[in-house]
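Novice: Mind folding the following:
(one chain, ligands or ions: 1)
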Amino acid sequence: MRSGALAAAALLTACLVAACGSQHHASRTGASVVLPTAPPKVVHPVVHHRTHPAAASKPAAPFHARAELITHGPRRGHDVALTFDADMTQVMLSKVRSGLHSIGYDPEIVRELRASHTQATIFMTGLWPTAHPAAANSLAADPLFEIENHSYDHAGWEPPCYGLPLVRSETDKRREVADTTNVLTGLIGGAPHYFRFPGGCHTAADVRLVASLGETPVQWDVVSGDPGQPNPAVVSRNVLQGARPGSIIVMHLVGAPNAPATAAALRTILPGLHQRGLHPVKLDELLGTGP
Ligand SMILES: [Zn+2]
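Specialist: Prediction:
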């Protein structure tokens, strides 16, 4: 078994186990791109309004971004947030276009959420609606779901970032946020409120940059470990042992081959949270920026 295939598999596993502190993100085999640097610009905070079709009952209140990395909500009460990262790199997109249509999306996850009327937040890359246009529209139209910004092409912001191609200049970081905001605004009828760094890789300056563009950076406090994990019992145990009031739980929407057990794990996680008295809500509600 000491073959090239095994070595490749080991490398893939290493990437999966490392990323997002949560075995995040596979299929990133693109070469690093060295981007030109540019002088920093002074950008005044943006106040976003949105009329989210997926939250039609929500008043279009102004959203004020916070220049801090949010990892959880209030530790009182019963609410938690299930968040699903919809990763899509250029490499993944090329696979979709070559006929591997399931790359980056497991509809069984959405079926589990809908069947149990469970609210969730999707952190969507700007490329994802290109790969899965019907699913993107369906998610955007469903009031169970809130769609937020997960960068445009899932490049890492601060090396080392688990083998992700890197975006280094401030100009290009702004583009990663703004281009995705434009895509998602067209999808959901308003600008996203939250941004999640690919792989979680960032600096303090990156946090301020995202906030200056009108979005609050959001990480997590509970790692599901769903990427690279074939055993749903492991994923569900990670979530149920870690979740407490206010938790932000990171999972993935991508399904097999990168995160094959997410949907199956939800069949244990959702009743398990209920048994613990925990109630999944969207981030806007957890963080007090919703209705
Ligand atoms: Zn991601």
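
Novice: Pretty sure residue 135 sits in a strand.
Specialist: No. Counting by DSSP: H, G, I helix; E, B strand; the rest coil, residue 135 falls outside a strand, being helix.

Novice: In this structure it contacts residue 106, no?
Specialist: No. Residue 135 is beyond contact range of residue 106, at 10.1 Å (criterion: C-beta atoms under 8 Å). Yep, even glycine has a C-beta here, placed from its N, CA and C like the rest.

Novice: more neighbours, these two?
Specialist: A direct count of neighbours by other C-beta atoms under 10 Å for residue 135 and residue 106 places residue 106 higher, at 21 against 17.

Novice: Show the contacting residues for the residue lying closest to the more buried one once chain neighbours are set aside.
Specialist: Distances taken as C-beta to C-beta, 6 or more residues apart in numbering place residue 255 nearest to residue 106, at 2.4 Å, with adjacent residues excluded. Listed by C-beta atoms under 8 Å, 6 or more residues apart in numbering, the contact set of residue 255 reads 102, 104-106, 108-109, 262-263.

Novice: Near the closest residue to the ion within the stretch 151-291 of the chain, how many other residues are there?
Specialist: Closest to the ion within the stretch 151-291 of the chain is residue 198: 5.0 Å, counting by C-beta to the ion. A total of 31 residues lie near residue 198 under the criterion other C-beta under 10 Å.

Novice: residues touching it, list them.
Specialist: Shown in contact with residue 198 (C-beta under 8 Å, 6+ apart): 25, 87, 125, 150-151, 154-157, 161, 164.

Novice: Chain neighbours aside, what residue packs nearest to it?
Specialist: Residue 198 sits nearest to residue 154 (C-beta to C-beta, 6+ apart), 4.5 Å away.

Novice: Which strand or helix spans that neighbour?
Specialist: Using DSSP states H and E, residue 154 sits in no helix or strand.

Novice: Which parts of the stretch 101-250 of the chain are strands?
Specialist: Along the stretch 101-250 of the chain, counting by DSSP state E, counting those that start in this stretch, strands occupy 120-124, 145-149, 194-195, 216-217, 222-223, 248-252.

Novice: from the contacts of residue 255, which single one is nearest residue 130?
Specialist: For the contacts of residue 255, the residue nearest residue 130 by C-beta to C-beta is residue 104; the value is 10.3 Å.

Novice: touching the ion at all, the longest strand seen in the chain?
Specialist: Across the chain, the longest stretch assigned as strand under DSSP state E is strand 79-86. Yes. Using C-beta under 5 Å from the ion, strand 79-86 reaches the ion at residue 85.

Novice: who does that strand pair up with?
Specialist: Strand pairing for strand 79-86, determined by DSSP bridges: strand 120-124 (parallel), strand 248-252 (parallel), strand 279-280 (parallel).

Novice: number of nearby residues for residue 63?
Specialist: As a burial measure, residue 63 scores 22 neighbours (other C-beta under 10 Å).

Novice: Considering only helices and strands, which part of the chain has the lowest mean pLDDT?
Specialist: helix 4-18 (a mean of 34; mean pLDDT, DSSP states H and E).

Novice: low-scoring stretches of the stretch 1-150 of the chain, by residue?
Specialist: Confidence mapping of the stretch 1-150 of the chain against pLDDT under 70 gives the ranges 1-61.

Novice: what does it have sitting close to the ion?
Specialist: Taking C-beta under 5 Å from the ion as the contact definition, the stretch 1-150 of the chain meets the ion at 85, 87.

Novice: who's in contact with residue 260?
Specialist: Neighbour list for residue 260: 229-230 [criterion: C-beta under 8 Å, 6+ apart].
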